[in-house]
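*Asks:* curious how this folds, go ahead:
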Amino acid sequence: MTVFILRRVLQAILVLFITSLVVFLGVYAIGDPLEILLPADASMAERAQVAASLHLDDPLPLQYLNFITSALQGDFGRSFVYNRPALDVIFERLPATLELVTTSLILSLILGIPLGLIAGVKPGSVTDESIMTGSILGFSLPNFWQGMMLIMIFAVWLGWLPSTGRGETGYILGIRTSYATWDGFIHLLLPATNLALAQIALVIRLTRTGVQETMPLDFVKYARARGISERRILFVHVLKTILIPIVTVLGIEFGSLIAFAVVTETIFAWPGVGKLIIDSINMLDRPIVVAYILVIVAMFIVINLVVDVLYSLLDPRIRSRAS
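*Replies:* Model (predicted):
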């Protein structure tokens, strides 16, 4: 297991280096931040002064070398727009995104696993067909359209929930979160639901397929022969077996949700990194864009490593092969 983790860490370093190079070249080849940062009537002297202060007048290879050298020391440059360290701006917004993504995954597990179990033990029934039809809608409907419909129904027509913003937050164990206040919690419900709908459909399908593949196996027949109740067989023996692919997929989806929560955060004006990256791209705030992508890639790598470790804990055969 130690050798496996070390190998993954070395691979992660290589991936981060290649990603930084590709992203740096791609971002710095697009547009000129001075056109946005300075007024149209700015003189050449003013442009030269600002370009020198931001090191935009250095050759591109030198800019990348300076970026890598600073990044290895934890410095990803200063935001052109906010005039603050890029990582500080990202980490200031990241908790809101993590809160949104975590809530959506919790919703997908709470709703997806029970519905998938029900559909799996009653294949071909009206209940199964209804649940699977709902899962198809969850996969098929565009995320932005779902968000607008949720706002229209629950915020405009019914007036039950607020449509935008994070609401009032508080502190739990020193962590600023929307869960600490009722206002913050109800502001979280609509964007988290919008982000969770596709994940609920995914969990339903994974669970249903796992149940249908596991129920005919010999260990289930043996458990029935021993007189174990169907409920215990389903929720203990079968569920433990099908958790492996669910944990794997949700672990990967966690990183994907962080990266692609942009649409939901934009629709619901949620103050997370998704909305930050859209604003930064529009403002050509290069340090924010590069730092954001590298942070997301690093999170993907860490999440995948954690998933692999959980995989080995759930299935000892994987642990023995890794060692």
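*Asks:* how's this structure carved up into domains?
*Replies:* Using automatic domain parsing, the domains assigned to the chain come out as 20-72, 93-322.
*Asks:* please enumerate the strands of this structure.
*Replies:* Assigned by DSSP state E, the strands in the chain fall at 170-172, 175-177.
*Asks:* most tightly packed of the ones you listed?
*Replies:* strand 175-177 (a mean of 15; mean count of other CB atoms under 10 Å). (Each C-beta comes from the backbone N, C-alpha and C, glycine too.)
*Asks:* check which helices and strands that one is in contact with.
*Replies:* In terms of contacts (3 or more CB pairs under 8 Å, 6 or more residues apart in numbering; DSSP states H and E), strand 175-177 is packed against helix 86-121, strand 170-172.
*Asks:* quick one on the thing from earlier: nearest to Ala71, out of the strands of the chain?
*Replies:* strand 175-177 (27.0 Å; CB to CB).
*Asks:* for that closest one, which strands pair with it and how are they oriented?
*Replies:* In the sheet, strand 175-177 lines up against strand 170-172 (antiparallel) (DSSP bridges).
*Asks:* show me the contact partners of the strand it pairs with.
*Replies:* Arg176, Thr177, Tyr179, Ala180, Thr181, Gly184 (CB atoms under 8 Å, 6 or more residues apart in numbering).
*Asks:* reformat those into CSV and put pLDDT and distance to Ile277 next to each item.
*Replies:* CSV is the format used below for the contacts of strand 170-172 (pLDDT from 0 to 100; distance: CB to CB, whole Å):
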residue, pLDDT, distance to Ile277
Arg176, 83, 21
Thr177, 87, 22
Tyr179, 87, 25
Ala180, 87, 26
Thr181, 90, 27
Gly184, 87, 23
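*Asks:* okay if I get these as CSV plus distance to Ile200?
*Replies:* Below are these laid out as CSV (distance: CB to CB, whole Å):
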residue, distance to Ile200
Arg176, 27
Thr177, 23
Tyr179, 20
Ala180, 26
Thr181, 26
Gly184, 23
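*Asks:* which of the residues you listed lies closest to Val273?
*Replies:* Arg176 (15.2 Å).
*Asks:* could you verify my assumption that the closest one touches Arg93?
*Replies:* No - Arg176 is not in contact with Arg93 according to CB atoms under 8 Å; the separation is 11.8 Å.
*Asks:* now for the closest residue to Val101 other than its chain neighbours: which residues touch it?
*Replies:* Of all residues not flanking Val101 in the chain, Leu257 sits nearest, at 4.4 Å (CB to CB, 6 or more residues apart in numbering). Leu257 makes contact with Val101, Ser104, Leu105, Leu195, Gln199 under the criterion CB under 8 Å, 6+ apart.
*Asks:* just Val306 next, same as before
*Replies:* So Val306 contacts Gly251 (CB under 8 Å, 6+ apart).
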